[in-house]
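>>> only geometry, no sequence info:
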């Protein structure tokens, strides 16, 4: 538990306080200048000592008992800014594609005009029910949309842009996924599959052959570069 001085998106110095398991914000109203920062850093140290010694109270901020209310930016407005920062080489091309598909196909239809601060666990639960029952998606697909793509966006709104003071996804419980036992092809089935590719799509025979004899995933083989392949010694490297 401590107090730090950060600069909000408007260039104003703001106290970021971790106190009794919660995160609080208090704008100082002062611009980020060397003099102001030095002054407020010293005050932040005093507050941190007060928290450590259990003498600190939120009453220090004139009855400010709640976190500073973030702005009312909507999910759609923030996503338009956020997705421009999620491009290769910062993220994989496939991840950017998933982000765009999940938001444009599912998330924005329900949350485009919803304020970031109004993305609550209850709304997320209702969204999950909608995806399962009305859109007919599997639980795994729902989790990819909500707990991966949507959560990544809201995480950055909270941790990068300081627009939120909580994580609404923490309260959303997902059932443990049951893993199916492996059911490999027999040698005879393998040979039939390779023969079928040799007859109808010979271009893919090396690809299918390598899958069977190495046990790699298709995505791992598709991600190989020539630097990962040593044809002379017969080795491939999966990075």
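Nice, I can see it. The structure presented is a predicted model; accordingly, all values stated were derived computationally and were not measured. Numbering: from 1, shown residues only.

>>> Need the distance between the two termini of stretch 179-188.
26 Å (CA to CA, to the nearest Å).

>>> And stretch 138-157, by the same measure?
Stretch 138-157: ends 27 Å apart by CA to CA.

>>> those helices in the chain, which residues are they?
For the chain, the helices defined by DSSP state H cover 34-52, 75-82, 93-102, 108-111, 121-129, 139-143, 151-159, 187-200, 205-214, 218-222.

>>> What helices and strands are in contact with the first one?
What that stands for is helix 34-52. strand 3-7, strand 12-19, strand 22-31 (3 or more CB pairs under 8 Å, 6 or more residues apart in numbering; DSSP states H and E). For every residue, glycine as well, the C-beta is placed using N, CA and C.

>>> can you redo the ones you listed as JSON lines with mean neighbour count?
Putting the helices and strands packed on helix 34-52 into JSON lines (neighbours: other CB atoms under 10 Å) gives the following:
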{"stretch": "strand 3-7", "mean neighbour count": "17"}
{"stretch": "strand 12-19", "mean neighbour count": "19"}
{"stretch": "strand 22-31", "mean neighbour count": "15"}
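
>>> Comparing these by mean pLDDT, which bottoms out?
Mean pLDDT values for these show the minimum at strand 22-31, a mean of 82.

>>> other SSEs contacting that one?
Using 3+ CB pairs under 8 Å, 6+ apart, strand 22-31 sits against strand 12-19, helix 34-52.

>>> still on that earlier bit, mind putting the helices of the chain into CSV with mean neighbour count and distance to residue 165?
Shown next, in CSV, are the helices of the chain (neighbours: other CB atoms under 10 Å; distance: least, CB to CB, whole Å):
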stretch, mean neighbour count, distance to residue 165
helix 34-52, 14, 17
helix 75-82, 18, 15
helix 93-102, 15, 24
helix 108-111, 16, 19
helix 121-129, 15, 15
helix 139-143, 15, 25
helix 151-159, 18, 7
helix 187-200, 12, 54
helix 205-214, 14, 48
helix 218-222, 12, 37
